[in-house]
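J.: 3D model of this:
(one chain, ligands or ions: 1)
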Amino acid sequence: MQVDDLILPIFVVEGEGEPEPIESMPNVFRLPIPRLIEKCRELHDLGLRAVALFPKVPTKKKDDQGTGALNQNNLVLNAARTLKQAIPELILVGDLALDPYTTHGHDGVLDLSGNVDNDSTVTILAEMGVLAANAGIDIVAPSDMMDGRIAEIRRNLDESGHIETAILAYSAKFASAYYGPFREAVGSKCPDSNSSIDKRTYQLSPANAREAQRELLLDEKEGADFLMVKPAEPYLDVIRYARDTFNLPIVAYQVSGEYARIWAAAERGWLELDACMMESLTSIKRSGADLILTYFAERILRSRHLGGISSGAESS
Ligand code: PBG
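T.: Numbering: from 1, shown residues only. All right, here's what the predicted structure looks like:
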């Protein structure tokens with residue numbers, strides 16, 4: 001494993017204040033734009049090549065249609081523009097999904113019966129893609145799992161002249177219990193409900209490997225430039241399948257809950273943090289991931305700098 005293989009997901013928040021801690025993700029913060037620039041500059045100097053931006057949108061700017069997603073002066077687009085100007089060589093990955101912007105926390109708009117409406121969501125995602133590219137995002141990453149969105153996003157990008165903008169497709173994204181800390185971080189879970197939001201009509205069943213295979217194939221055919229499997233460590237078989245089947249780069253997302261469980265056990269003294277971190281990332285790499293989104297990217301960059309952690313992992 002090399003630092004070049006790592007993409008750091010970063011949470012952005014409005015304002016100019018201090019970084020905000022996220023309770024279920026030790027050492028991860030929501031950053032106002034000025035702190036985001038500082039952090040990215042520092043990590044870019046240590047060798048970080050790419051970040052994936054996720055906004056925490058204030059509740060008062062959310063609505064049931066997620067209209068904030070198409071405001072070209074929204075938080076994440078402002079962050080992208082500022083960051084691109086400050087550090088042009090840093091690769092920016094921009095998520096396309098409505099969950100930061102909807103009051104109900106779903107990744108799309110709802111139909112009259114309360115289900116996510118696939119086709120009208122795809123139209124919005126394709127517009128989001130163009131706005132993201134206009135703001136300097138290099139790679140758009142639809143994380144919504146709607147059907148047919150890759151082709152539509154590609155078409156809109158090409159028609160607006162963004163032929164170089166790449167698409168990282170969240171292709172095999174499972175309806176996982178490991179997204180909880182992320183939903184705390186971006187505020188996409190209902191504060192007054194204890195049950196987690198149910199995305200099973202569009203995310204994959206953890207039991208269904210063949211459906212994951214079909215989704216990967218569809219996204220490849222529709223023109224994705226990268227295929228993603230998410231979460232990572234619980235789905236190493238799917239990563240291996242993707243690596244053996246497709247010639248595109250395979251990306252794995254070691255998600256918030258994978259990060260949190262290692263930290264939680266380490267804080268109790270039950271597991272060794274750095275050893276578990278490296279074993280987990282090594283396994284993901286070994287199973288065939290070319291690139292890994294991981295909240296540990298910062299820790300790895302800093303400890304490599306100090307000579308603390310040796311990777312020991314071979315690339316596959
Ligand atoms: C939603 C989105 C999610 C994550 C990335 N984009 C959560 C969800 O589907 O509810 C999860 C990432 C993580 O847990 O680290 N578009």
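
J.: check whether the strand or helix carrying Ile167 contacts the ligand.
T.: Using DSSP states H and E, Ile167 maps to strand 166-173. No. Figure legend: strand 166-173 not in contact with the ligand (C-beta under 6 Å from any ligand atom); closest approach 6.9 Å. For the C-beta atoms, the positions are set from N, CA and C on the backbone; glycine is no exception.

J.: Centre of the chain to that strand, how far?
T.: 10 Å (C-alpha atoms, centre = their mean, to the nearest Å).

J.: what's in contact with that strand?
T.: Contacting residues not belonging to strand 166-173 are listed as 93, 129, 138-145, 150, 153-154, 157, 203-204, 212-213, 215-216, 218-220, 222-230, 235, 238, 242, 251, 253 [C-beta atoms under 8 Å, 6 or more residues apart in numbering].

J.: filter these to the buried ones?
T.: 93, 129, 138-145, 150, 153-154, 157, 203-204, 212-213, 215-216, 218-220, 222, 224-230, 235, 238, 242, 251, 253 (16 or more other C-beta atoms under 10 Å).

J.: on that earlier part again, name the residues of the strand holding Ile167 that are buried.
T.: Neighbour count says strand 166-173 has Ala166, Ile167, Leu168, Ala169, Tyr170, Ser171, Ala172, Lys173 buried, by 16+ other C-beta under 10 Å.

J.: Name the strands paired with it and say parallel or antiparallel.
T.: strand 139-142 (parallel), strand 226-230 (parallel) (DSSP bridges).

J.: Dump the ones you listed to CSV, plus mean pLDDT.
T.: Formatted as CSV, these follow (pLDDT from 0 to 100):
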stretch, mean pLDDT
strand 139-142, 98
strand 226-230, 97
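
J.: Contacts for the longest helix along the chain, please.
T.: Counting by DSSP state H, the longest helix found in the chain is helix 118-134. For helix 118-134, contacts defined as C-beta under 8 Å, 6+ apart pick out 66, 69-70, 72, 77, 80, 94, 96-98, 107-109, 140, 142, 144, 146-149, 152-153, 155-157, 160, 162, 165, 167, 202.

J.: again with stretch 68-83
T.: 12-14, 33, 36-37, 40, 51, 53-57, 61-62, 90, 92, 94-95, 98, 100-101, 124, 127-128, 131-132, 134-137.

J.: quick revisit: the strand holding Ile167 vs helix 118-134, what angle?
T.: 140 degrees (axes from the mean of the first three to the mean of the last three C-alpha atoms, to 10 degrees).

J.: For strand 166-173, give the mean pLDDT please.
T.: For strand 166-173, mean pLDDT is 96.

J.: Next secondary structure after it?
T.: Using DSSP H and E, the next helix or strand after strand 166-173 towards the C-terminus is helix 180-186.

J.: How far away from the center of its chain is that next one?
T.: 12 Å.

J.: cool, stretch 104-111 as well?
T.: 18 Å.

J.: touching the ligand at all, that stretch?
T.: Yes. Part of stretch 104-111 sits near the ligand under the criterion C-beta under 6 Å from any ligand atom, namely Asp107.

J.: contact partners of that stretch?
T.: Counting by C-beta under 8 Å, 6+ apart, 64-66, 97-99, 102, 116-118, 120-121, 124, 143-146, 183, 188-190, 197, 199, 202 sit against stretch 104-111.

J.: If any of the residues you listed are buried, give me the ChimeraX selection for them.
T.: Buried members of the contacts of stretch 104-111, defined by 16+ other C-beta under 10 Å, are picked up in ChimeraX with:
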select :65,66,97,98,99,102,116,117,118,121,124,143,144,145,146,183,188,189,199,202
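
J.: mind listing which of the contacts of stretch 104-111 are in helices?
T.: Taking DSSP H as the definition of helices, those contribute Asn118, Ser120, Thr121, Ile124, Arg183.

J.: just the residues you listed that are near the ligand?
T.: Of the ones in helices among the contacts of stretch 104-111, the ones that also sit near the ligand (C-beta under 6 Å from any ligand atom) are Arg183.

J.: Backbone dihedrals for Gly94, please?
T.: In terms of degrees, to the nearest 10, the main-chain angles of Gly94 are phi -120, psi 120.
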